[in-house]
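In: Predicted model follows, preceded by the sequence.
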There are 4 protein chains.
Amino acid sequence: MAPKKRLAILAALDCFSETGFDGTSTKMIAQRAGIGEATIFRHFPTKRDLLLRLAAPVIRHILTPAAEQQAVALLDQHRDEPRLILREVMLSRLAFMTHYEPLVRILFQEALVNRELRDLIVAEATPLFQQLTEVVGIMGPVTPTDRERFFRTVGSLIAGYFIHRSILQPERDWDDAAEVDGMLAILFDGIGPKG
Amino acid sequence: MAPKKRLAILAALDCFSETGFDGTSTKMIAQRAGIGEATIFRHFPTKRDLLLRLAAPVIRHILTPAAEQQAVALLDQHRDEPRLILREVMLSRLAFMTHYEPLVRILFQEALVNRELRDLIVAEATPLFQQLTEVVGIMGPVTPTDRERFFRTVGSLIAGYFIHRSILQPERDWDDAAEVDGMLAILFDGIGPKG
Amino acid sequence: MAPKKRLAILAALDCFSETGFDGTSTKMIAQRAGIGEATIFRHFPTKRDLLLRLAAPVIRHILTPAAEQQAVALLDQHRDEPRLILREVMLSRLAFMTHYEPLVRILFQEALVNRELRDLIVAEATPLFQQLTEVVGIMGPVTPTDRERFFRTVGSLIAGYFIHRSILQPERDWDDAAEVDGMLAILFDGIGPKG
Amino acid sequence: MAPKKRLAILAALDCFSETGFDGTSTKMIAQRAGIGEATIFRHFPTKRDLLLRLAAPVIRHILTPAAEQQAVALLDQHRDEPRLILREVMLSRLAFMTHYEPLVRILFQEALVNRELRDLIVAEATPLFQQLTEVVGIMGPVTPTDRERFFRTVGSLIAGYFIHRSILQPERDWDDAAEVDGMLAILFDGIGPKG
DNA sequence: GATGAATGAGGTTTCATTCAT
DNA sequence: TATGAATGAAACCTCATTCAT
């Protein structure tokens, strides 16, 4: 890949995650990248394409297979300890989101507004869910409805924690492992005295 | 309140929810409201102020008074059935969000990028949490950490469901009550083979 | 005069002298005056009229007659000491300009661009010059050309000093009497060893 | 320099001098220059910057190098005739101001309101004054105070004449040389019956 | 007399994008 | 490949002024 193209992508990543897609101008990206504004358009026909080009590989090539492979591997090792499996998956997903934090912010943001991006995410998530059916079955949920709720619950918990930790109160000291354990406690045992 | 000011707010609400904040021009708002563009700026110093002015009451109404009053009333009636109380609260919050769905979508989106909006939300949420301490205590969580996790969990579940239902798959038929019961089941009893 | 009209004039005076005529909006004037913007237009058909209304009385009723009367009186007292006469006139003009400093600033500024204002000034200055013919004659210049140069010289010296003192270096401590004496020394005796 | 940038500067010069800074819109400049309005802002971040960019070289050329070099050269040739030296300097300065008359008018006007412009002028004038110390010393003024008064006097006389000639009575026929001689007569010998 | 509301016209500036080099 | 120059379109916002109350 042309070196300036790489610079453009990296700069766009930073800018989009800080100011949002519409709040970022191609001029800002060019300045941040230290390249000419026109160079961006040599590599991406459109600003929108730059965003998709940014998001697609993460969504497609990294998120899905990694999670899948990991889950399968864990499944083999700890078939009788579903809670441990889920713990590892959640922690690794969280680590991944933390590593790509700017991009994840973009996805949260833009997906709410950008249908293309949303479709891309949904399209990539669906097969993952299918492949994780077995793992989930071990944990309890068996009907499709229950499985969907399970996925949504786990996703909501992680996303909610990520937003709280990285966006709402980024200055606090956070202990990811402890928080994930807290989520698991609720998820598996429920809350409260009668939980 | 000046009648055209009202028109401006309503039109802005529609426009923002359809095209997003940055995707909406003040001209569009003025045309939709049937007023002069300058009129908008007589009443709101800035387009951004218009958004905040729009968001503030909804945020306040979503979070604070309704929830508080309702919770207290429910608490008196069903002091021994915390799960019922929470069910009512969640359903009414969900109904409210559904009613203001376009605006809520804007809030989700913009809050990720707009610090002012974020601060406004946090400012409105804080007193609510304090006032709900007692209710939550009945349900189980007593330490501050546990309470925080409880709030985050409930918030994440509702928000996650709202996004799934209203944004990701709005074409599906949803049964809010059933889904809330699903959330409560997990929240109180956890999942798992014996859940 | 209606009290709010007075407030408007005073506020306009301040604003114009600080930011210039074009740089001042009627909104700024209204805010500074603590009155409604529309009130200004009840009293002055136009922003431009407000400026003229501001400038005219000073130019017409104050500058001219005062100088004239004063010169005549001095002439009677010190007929044989023209330098003393001029000293008094210059000092009093300077004091006057200092007293109305904001307005004088406006005149300097706007007269360069505003023909109406310029004409008003020229129209009021002409008779003054004619009436001062005798005084000037005593000092030396007798031909019309010489008189004109004399007036221009004195005017330039005072205006130049005023601008230096009040606009370029307002923070310095200035001794008006000493500076006027310096001007007179040059004006009457010239500079330098051979002067 | 980009050709359209040059066009923009020239058009701005014309427009500003005809309608003043605030009275000129960037659209007018663009039309007069035959370029797109956005082109102006590619080359000058702000309309105000365009003015400063316009003014800086003229101020510099009016004040510093020409005057300095010329004065030094004249000093060598006519060391014993300071009046001749000053005559040449004044005439050449006047010629220069006449050549850039429109811009000079803007400078007079804007400098009264625009601090940046004022600072620019002061910044350019200061070194000139320092370098002219020797020349001035020959003419008489030796103390710093006297020198300052001398500079102010010469400046006031030239500016006053320029304004009279070019703004107040531009329709008259003027003889610059004769008028400068008149100024010099006053400056060196003073007025008065024996002057 | 006083003003809040309202606005058409127009201001400066930004934007994504094209093109010649 | 890379970019400075260029721009039409449109953005947000300001202005002097009118009008109903």
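Out: Structure received. Numbers count the residues shown, from 1 in each chain, chains lettered A, B, ... in the order given.
In: Using the record's domain definitions, break chain A down for me.
Out: According to automatic domain parsing, chain A is divided into the following domains: A:1-44, A:50-189.
In: Tell me which of the ones you listed lies nearest to chain D.
Out: If you check each of those against chain D by Cβ to the nearest Cβ, domain A:1-44 wins as the nearest, at 10.7 Å. To be clear about C-beta, it is placed using only N, CA and C from the backbone, and glycine gets the same treatment.
In: Is the closest one in proximity to chain D?
Out: No - looking at domain A:1-44 against chain D by Cβ under 8 Å from any Cβ of the partner chain, there are no contacts, and the closest approach is 10.7 Å.
In: now check that domain, is it near DNA strand E?
Out: Yes - applying Cβ under 7 Å from any atom of the strand, one finds domain A:1-44 touching DNA strand E at A:24-28, A:37-38, A:40-41.
In: Show me the one of the domains of chain A that comes nearest C:V72.
Out: Minimum separation from C:V72 across the domains of chain A (Cβ to Cβ) falls at domain A:1-44, 68.3 Å.
In: start to end distance for stretch A:95-106?
Out: The straight-line separation of the ends of stretch A:95-106 (Cα to Cα, to the nearest Å) is 17 Å.
In: quick one, longest helix in chain A?
Out: If each helix of chain A is counted by residues according to DSSP state H, the longest one is helix A:144-163.
In: what about the next helix or strand after that helix and chain B, any contact?
Out: The element immediately downstream of helix A:144-163 (helix or strand, assigned by DSSP states H and E) is helix A:176-189. Yes - part of helix A:176-189 sits near chain B under the criterion Cβ under 8 Å from any Cβ, namely A:179, A:182-183, A:186-189.
In: Repeat that for stretch A:20-29.
Out: Yes - applying Cβ under 8 Å from any Cβ, one finds stretch A:20-29 in contact with chain B at A:20, A:22-23.
In: which stretches of chain A form helices?
Out: Taking DSSP H as the criterion, chain A carries its helices at A:3-19, A:26-33, A:37-43, A:47-57, A:64-77, A:82-99, A:101-111, A:115-131, A:133-139, A:144-163, A:176-189.
In: looking at those helices, which is buried most?
Out: Each of those was assessed for mean neighbour count using mean count of other Cβ atoms under 10 Å in any protein chain shown. The highest is helix A:101-111, with a mean of 21.
In: chain center to that helix: distance?
Out: Its chain's average C-alpha position is 8 Å from that of helix A:101-111, according to Cα atoms, centre = their mean, to the nearest Å.
In: and it, what other elements does it pack with?
Out: Counting contacts by 3 or more Cβ pairs under 8 Å, 6 or more residues apart in numbering or on different chains; DSSP states H and E, helix A:101-111 is packed against helix A:3-19, helix A:47-57, helix A:115-131, helix A:144-163.
In: follow-up on the earlier one: weakest of the domains of chain A by average pLDDT?
Out: When those are compared on average pLDDT, domain A:50-189 comes out lowest at a mean of 84.
In: gap between the two ends of it?
Out: Chord length of domain A:50-189, first to last residue, is 44 Å (Cα to Cα).
In: Any idea how far that domain is from the middle of the chain?
Out: Here domain A:50-189 shows a centroid-to-chain-centroid distance of 6 Å under the convention Cα atoms, centre = their mean.
In: Contacts only, for A:T153.
Out: Shown in contact with A:T153 (Cβ atoms under 8 Å, 6 or more residues apart in numbering or on different chains): A:187, B:157, B:160, B:183, B:186.
In: meant to ask about A:A55
Out: A:103, A:106-107, A:110, A:117, A:120.
In: ok, which residues in chain A are in contact with DNA strand E?
Out: Within chain A, the positions adjacent to DNA strand E are A:24-28, A:37-38, A:40-41, A:45-48 by Cβ under 7 Å from any atom of the strand.
In: Report the separation between A:V154 and B:I186.
Out: 10 Å (Cβ to Cβ, to the nearest Å).
In: Same check on A:F41?
Out: 49 Å.
In: Tell me who's in contact with the nearest residue to A:E179 once chain neighbours are set aside.
Out: Of all residues not flanking A:E179 in the chain, A:Y161 sits nearest, at 5.8 Å (Cβ to Cβ, 6 or more residues apart in numbering or on different chains). Under the criterion of Cβ under 8 Å, 6+ apart, the contact partners of A:Y161 comprise A:94, A:179-180, A:183, B:152, B:156.
In: Need the max-distance pair from the contacts of A:T153.
Out: The most widely separated members of those are A:L187 and B:G160, with 13.1 Å between them, by Cβ to Cβ.
In: Would you check how far apart the nearest residue to A:I163 once chain neighbours are set aside and C:Q130 are?
Out: By the measure of Cβ to Cβ, 6+ apart, the closest residue to A:I163 outside its immediate chain neighbours is A:F108, 7.2 Å from it. Using Cβ to Cβ, one obtains 81 Å as the distance from A:F108 to C:Q130.
In: coming back round to it: hey, what's in contact with both of A:V154 and B:I186?
Out: Between them, A:V154 and B:I186 share the neighbouring residues A:L187, with contact defined by Cβ under 8 Å, 6+ apart.
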